[in-house]
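Student: what follows is a predicted protein model with its sequence.
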Amino acid sequence: MNQSGQQPGALTSPADPAAAPIPQASADPQSGVKGTLTPKGAGRVVETPEFAAFARRIMRAYGRRIAAGDVDALPDLIALAGEVDAVITQAVAALRAEGYSWSEIGARLGTTRQAAQQRFGRGVA
């Protein structure tokens, strides 16, 4: 307990600082899911279209910032492009490990299975 009568790390409501502490949810050590926030248990994590749109907006804003004269950030943008390629390759490898075929992956990318395999197949079964 601290001087205000709250336990260290306890959260309070921003609207009423004198409110009682909000208990922090404890996460399941295996899944990392907070049981009180996810009462039915962990489901498969699926990123939403809104999340992808958010990432695109960030990338475009970064490009506009550089275009406005922040030339020193250009190498960082190039490095970010390389990171995006690496993440895509990791995602494809994980999809292959989950049993997705090159045809399924190619169809989602709007290309043929051969083109998908040529681009992402190095080191991917």
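Tutor: Here it is on my side, so go on. Numbering: from 1, shown residues only.
Student: for the host helix or strand of residue 103, name the packing helices and strands.
Tutor: With elements taken from DSSP states H and E, the one containing residue 103 is helix 102-109. In terms of contacts (3 or more CB pairs under 8 Å, 6 or more residues apart in numbering; DSSP states H and E), helix 102-109 is packed against helix 74-97, helix 113-120. C-betas here are computed from N, CA, C, even on glycine.
Student: list the contacts of that helix.
Tutor: Helix 102-109 has contacts (CB atoms under 8 Å, 6 or more residues apart in numbering) with 92, 95, 96, 112, 113, 114, 115, 116, 117, 120, 121.
Student: cool, stretch 64-82 as well?
Tutor: If you take CB under 8 Å, 6+ apart as the criterion, stretch 64-82 is touched by 59, 62, 63.
Student: can you tell me how far the second one is from residue 77?
Tutor: Same thing as residue 62. Separation of residue 62 from residue 77 (CB to CB, to the nearest Å) stands at 6 Å.
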